[in-house]
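Got a predicted structure plus its sequence, pasted below:
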Amino acid sequence: MSESTGLAWVPLSGIGYDVHAFAEGRALVLGGVTIPFHKGLDGHSDADVLCHAIADAILGAIGEQDIGHHFPNTDASYRGISSIELLRRVGAILAKRGARLMNVDSTLIAEAPKVGPHVAAMRENISKALGITPDRVGVKATTNERMGFVGREEGIAAFAVASVIIPTPPTASGPSA
Ligand SMILES: [Zn+2]
């Protein structure tokens, strides 16, 4: 592409953070996997905190506003929506910009339940939604050593980073290439 059009593939990265509180009577969905637990996360969508952090990282990498802007919780059509579907739509925004996702990495911070046994399935779901291979999707999990709101099992937090490449004219801002 760079030879024929004069565009250079410029690497960009983004960060995402999200947190949701636990609520009774909700399913716990993380990375598109429904995990057996006595409570779930509260939210307008399925409250998949991991997918939300990843979505924000990708949107941030291409200079877009966050998922709350693209998929507002005031819009009834997003009530209960699968966040894997939201990730698909973020992938479509990326494609529309001509950008390609290189990888995402993420960390879930949860005191309970144990998410380790579900990580492989999460990576599979997320990679399928984003059109990349599972080895390009990092999902790690840790506890908060019983400290703070996560430590008191009041909710779950997630961090993510995303790396993309985007075709950019040589005259645009950024490193010359
Ligand atoms: Zn969220």
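Okay, I see it. Note that this is a predicted model, so its numbers are computed, not measured. Numbering: from 1, shown residues only.

where along the chain do the strands fall?
Secondary structure of the chain (DSSP state E): strands at 8-23, 28-30, 33-35, 40-41, 100-109, 137-142, 155-168.

Quick check: which of those is nearest to the ion?
Closest approach to the ion among these (C-beta to the ion): strand 8-23, 4.2 Å. In this view, the C-beta of every residue, glycine as well, is placed from N, C-alpha and C.

Which strands or helices does that closest one pack on?
Identification of packing neighbours for strand 8-23 by 3 or more C-beta pairs under 8 Å, 6 or more residues apart in numbering; DSSP states H and E yields strand 40-41, helix 49-61, strand 155-168.

And the ion, is that strand touching that?
Yes - applying C-beta under 5 Å from the ion, one finds strand 8-23 in contact with the ion at residue 18.

wait, residue 66 sits on residue 60?
Yes - under the criterion of C-beta atoms under 8 Å, residue 66 makes contact with residue 60 at 7.5 Å.

Between those two, point out the one with more neighbours.
Neighbour count, other C-beta atoms under 10 Å: between residue 66 and residue 60, residue 60 has more, with 20 against 15.
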